[in-house]
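> Requesting a structural model of the entry that follows:
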Amino acid sequence: MRLLASVLRFSRLSRLSRLLRIRSCVVLTLACGLLAPAFVRAAEPPRDAPTPTAAEPANRAGAAYHFSVAKMLMDEGDYRGARGAFEQALELDPSAAYVRIEYAEFLSRLGRFGRTAEERKTRLEEAAEQAALADAALPGNADALRAIAAANLALAAEIPDRAEAMAKAVEALEGVRAVEPHDVRSMLSLGQIYLRRGQAAEAADVFESVVDTTPGYLPAYRFLAEALLEAGRRADAAGALRKVVEGEPENEAARLALAEILAEQGEHQEAIDILQAHPAPLESVEARSRLATELYLVGDLDQAGDLLGQLAGDAPDSRFIRLLHGLVLSAQARNEEALATLEPLLDGGPGDADLAVTVSELLLREEREDEAVDMLRDTVNRLEEDGSGAVAAEVRLALGRLYANLGRWQEVEETTAPLVDGAGDDGTESVPALLLWADALAEQGRGEAALDRLRTTAAGRGDETEPALLSKQVELLGLLGRTQKAVDILSALADPREEGEGGEEGEDAREDAFLRATEGLHRSEHYAETIVPLERFVAGRPDSVIGRFLLGAARERSGRREEAVAAFRALLQDEPDFHPALNYLGYMWIEEGENLDEAVEMVGRAVELDPDNGAYVDSLGWGLFQLGRYEEARDTLERAARLAQDPTIYEHLGDVYAALGDANGARRAYRRAMALEADDPDEVARKLSDLDSQTAAESPDVERH
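The predicted structure is shown next:
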């Protein structure tokens with residue numbers, strides 16, 4: 001999942017703007033009069049502009065006549081004559097504000113279509129001046145303000161230093177907003193200007209006012225969604241996008257943007273529903289890639305794989321699609337296909353680290369241990385030579401874990417030692433490495449040394465109850481036979497603090513420390529000792545799902561099965577999709593041959609919730625075996641073996657092969673279980689012996705493989 005997260009870096013905002021096509025060129029649209037007939041208020045009229053004075057009645061009549069002539073000549077295309085008529089009208093009545101507004105609009109049109117840049121600039125400056133004079137005559141008049149905005153926006157497109165003109169346009173549009181907030185076109189224009197200037201918060205404020213006053217106007221919701229996204233208000237943007245999708249169900253880009261937000265919120269199924277509700281098949285690679293990603297994340301591997309197969313043909317050069325396809329194939333336990341898809345992506349670049357770890361895990365599943373080790377070791381060496389220390393450390397840790405899976409503890413110690421020794425006593429950057437290093441020492445009989453180092457590190461960090469370090473200390477105490485000391489640690493953390501003591505954050509940390517410490521004692525196979533502290537913990541925190549789960553597990557492992565079953569049933573009643581409990585209770589019954597149908601249903605649900613969990617897939621396969629569905633059990637357990645190298649899985653697989661009469665397959669599986677250090681090697685050895693004896697009895701001359 002980490003590898004998937006590292007490549008899920010879509011250019012969301014830029015793509016939204018491109019695909020929605022909602023940010024038009026503000027200057028052009030406003031200047032061409034597409035969003036408003038005339039526009040908005042400038043800062044102030046020119047300081048040397050004369051203040052219009054009222055005309056005599058006769059002059060006003062003459063001005064009205066010349067104004068009518070100007071309009072007629074405009075309609076006939078006689079622009080020179082129209083201009084002269086406007087000038088005569090204003091000479092007769094300088095205070096005729098609406099004549100100036102019309103004249104400003106006329107000059108703006110002339111300016112936009114002037115033959116030379118200088119001619120366009122001159123006409124637009126005249127238009128801005130006339131609009132400013134109209135505003136001086138009629139302060140706050142919306143028509144005058146719109147005329148100011150139109151002239152200045154057009155002028156801004158013609159001059160290098162456009163800041164002043166744009167500022168006047170914005171001030172004018174804000175003036176319109178103050179006097180006519182229902183002027184949708186002007187508000188959309190103002191919001192678009194803010195968007196273009198990178199003032200997303202201001203743009204969002206404008207567009208929110210538009211949707212408040214005109215709630216059914218979809219273009220406003222499109223603009224609002226873009227502004228909110230750019231302002232970082234993604235949750236609010238989801239609401240606007242829902243409106244767009246409701247009104248324009250065919251708008252694929254809006255669906256994609258909404259799905260991405262839902263995915264960020266963890267609402268993966270809803271993201272799928274949004275994309276799949278598109279009335280036609282999704283067209284864009286981006287939308288289909290998002291759908292495939294969400295299908296993968298909810299465990300619908302077949303549908304995700306089919307979609308990615310199509311995408312691989314449509315976008316063969318997309319590294320992301322190939323990577324995601326490889327991850328899906330890996331989750332399906334189609335290891336060879338996954339390797340064939342992912343290995344070519346290793347190009348020696350800095351992005352190889354996570355991919356190398358994934359490929360090494362696939363190689364391990366295919367029992368190609370040496371290749372897996374070589375890949376990680378080579379990657380570590382290359383990264384360290386390149387000076388990529390932090391990334392190299394992550395891969396070195398993965399190499400240590402690989403050695404641990406193989407039981408090569410001396411190499412685990414050697415691999416993790418540089419990470420532990422190089423971090424200082426506080427272990428700030430290397431707690432995972434320190435924990436793995438401690439495991440290596442404990443496995444080699446040096447648990448006390450590991451315990452001392454953990455205590456020193458915790459003290460150096462100033463937090464002796466740091467959950468991960470405390471958990472490992474308790475585990476080591478259990479392994480070293482100092483169980484009472486471990487129980488004392490649990491008991492000290494089991495009860496909630498008094499109200500107000502330490503604050504909510506401190507109490508959360510205390511709960512986490514207790515739960516992790518309990519898990520540590522369980523790892524050392526001490527279950528009964530944790531029951532009393534767990535009962536106290538759960539009594540004080542009845543909503544703790546993990547606490548209730550651990551209590552059920554402790555009771556089961558201590559032989560108190562009826563209490564364990566009751567605890568798990570009660571937990572699943574409250575949290576029906578808590579897959580650890582589904583798998584635990586289901587596997588309990590499967591092992592005992594009880595309630596098999598319900599048990600298989602439970603573990604099947606756990607697999608749905610966590611499809612690439614090898615332990616869950618093993619539980620399902622073992623349940624199918626107990627039901628006598630051997631072929632289904634074989635297929636399921638083979639997938640489990642491809643997902644995880646676990647001796648129990650191979651022992652189960654050997655039992656299935658034996659039931660199907662595949663003696664060689666059973667023998668190989670049992671031997672693999674022995675190589676992986678089976679939990680009960682004597683039992684596996686007995687099965688191998690019985691198998692050999694049976695084969696010899698049936699065919700004494702057949703050579704055993």
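
> which stretches of the stretch 601-705 of the chain have low pLDDT?
Along the stretch 601-705 of the chain, the model assigns pLDDT under 70 to residues 696-705.

> Without its sequence neighbours, what residue ends up closest to F207?
The spatial neighbour of F207 that comes closest, neighbours along the chain excluded (C-beta to C-beta, 6 or more residues apart in numbering), is L224 at 3.8 Å. To be clear about C-beta, it is placed using only N, CA and C from the backbone, and glycine gets the same treatment.

> Would you map the helices across the stretch 551-700 of the chain?
For the stretch 551-700 of the chain, applying DSSP state H, counting those that start in this stretch gives helices covering 561-574, 579-592, 596-609, 614-626, 630-643, 647-659, 663-675, 681-698.

> oh, I was asking about the stretch 401-550 of the chain
According to DSSP H, counting those that start in this stretch, the helices that the stretch 401-550 of the chain contains are 409-421, 431-443, 447-461, 467-479, 483-494, 503-523, 528-540, 545-557.

> same thing with the stretch 151-300 of the chain?
Counting by DSSP H, counting those that start in this stretch, one finds helices in the stretch 151-300 of the chain at the ranges 163-179, 184-196, 200-213, 218-230, 234-247, 252-264, 268-276, 285-297.

> quick one: the third one to helix 218-230, angle?
When you say that, I think you mean helix 200-213. Comparing the axes of helix 200-213 and helix 218-230 via axes from the mean of the first three to the mean of the last three C-alpha atoms, to 10 degrees yields an angle of 150 degrees.

> same question, the first one
For helix 163-179 and helix 218-230, the angle between their directions (the same axes, to 10 degrees) works out to 120 degrees.

> what angle separates helix 163-179 from helix 184-196?
If you take the same axes, to 10 degrees, helix 163-179 sits at 140 degrees to helix 184-196.

> buried stuff in helix 163-179?
Going by neighbour count (16 or more other C-beta atoms under 10 Å), the buried part of helix 163-179 is 165-166, 168-177.

> Mean pLDDT added to the helices of the stretch 151-300 of the chain, as TSV?
As requested, the helices of the stretch 151-300 of the chain are exported to TSV (pLDDT from 0 to 100):
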stretch	mean pLDDT
helix 163-179	94
helix 184-196	94
helix 200-213	94
helix 218-230	94
helix 234-247	94
helix 252-264	95
helix 268-276	95
helix 285-297	94
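
> low-scoring stretches of the protein, by residue?
For the chain, the ranges with pLDDT under 70 are 1-56, 58, 348-351, 422-429, 463, 497-506, 696-705.

> If we use 50, what do you get?
The chain contains residues with pLDDT under 50 at 6-49, 424-428, 500, 702-705.

> How about the residue nearest to the spatial centre of it, nearest residue that isn't a chain neighbour?
Nearest to the geometric centre of the chain sits E264, at 4.1 Å (C-alpha atoms, centre = their mean). Computed as C-beta to C-beta, 6+ apart, the closest residue to E264 that is not its neighbour in sequence is R234, at 6.7 Å.

> and the gap between that neighbour and A227?
12 Å (C-beta to C-beta, to the nearest Å).

> Now do the same contact list for the closest residue to A528 other than its chain neighbours.
Excluding the flanking residues, the one nearest A528 by C-beta to C-beta, 6+ apart is S558, at 4.1 Å. By C-beta atoms under 8 Å, 6 or more residues apart in numbering, the contact set of S558 is 527-528, 531.

> Which phi and psi values does S558 adopt?
Here is the backbone geometry of S558 (degrees, to the nearest 10): phi -100, psi 10.

> May I see the helices of the stretch 151-300 of the chain organised as JSON lines, with distance to Q473 added?
Formatted as JSON lines, the helices of the stretch 151-300 of the chain follow (distance: least, C-beta to C-beta, whole Å):
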{"stretch": "helix 163-179", "distance to Q473": "63"}
{"stretch": "helix 184-196", "distance to Q473": "55"}
{"stretch": "helix 200-213", "distance to Q473": "49"}
{"stretch": "helix 218-230", "distance to Q473": "47"}
{"stretch": "helix 234-247", "distance to Q473": "41"}
{"stretch": "helix 252-264", "distance to Q473": "37"}
{"stretch": "helix 268-276", "distance to Q473": "37"}
{"stretch": "helix 285-297", "distance to Q473": "35"}
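
> quick one: which of the ones you listed is nearest L624?
Closest of these to L624 is helix 285-297, at 24.9 Å (criterion: C-beta to C-beta).

> okay, the angle between that closest one and helix 252-264?
Going by the same axes, to 10 degrees, helix 285-297 makes 30 degrees with helix 252-264.

> if we can go back for a sec, can you say which of the helices of the stretch 551-700 of the chain is packed in most?
The highest mean neighbour count among the helices of the stretch 551-700 of the chain, using mean count of other C-beta atoms under 10 Å, belongs to helix 614-626: a mean of 25.

> before we move on, the earlier item: which one (most neighbours) among the contacts of S558?
Y527 (20 neighbours; other C-beta atoms under 10 Å).

> who's in contact with that one?
Contact analysis of Y527 by C-beta under 8 Å, 6+ apart lists 553-554, 557-558.

> Please list all residues in contact with R234.
Counting by C-beta under 8 Å, 6+ apart, R234 has contacts 228, 261, 264.

> if we can go back for a sec, dump the helices of the stretch 551-700 of the chain to a markdown table, plus distance to L155.
Below are the helices of the stretch 551-700 of the chain laid out as a markdown table (distance: least, C-beta to C-beta, whole Å):
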| stretch | distance to L155 |
| --- | --- |
| helix 561-574 | 67 |
| helix 579-592 | 65 |
| helix 596-609 | 62 |
| helix 614-626 | 68 |
| helix 630-643 | 67 |
| helix 647-659 | 75 |
| helix 663-675 | 79 |
| helix 681-698 | 87 |
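
> Select, out of these, the one closest to L195.
Relative to L195, the nearest member of the helices of the stretch 551-700 of the chain by C-beta to C-beta is helix 596-609, separated by 41.7 Å.

> I'd like to know which elements the closest one is packed against.
In terms of contacts (3 or more C-beta pairs under 8 Å, 6 or more residues apart in numbering; DSSP states H and E), helix 596-609 is packed against helix 579-592, helix 614-626.

> And the ones you listed: which comes nearest A633?
helix 614-626 (3.9 Å).

> Alright, I will stop here.
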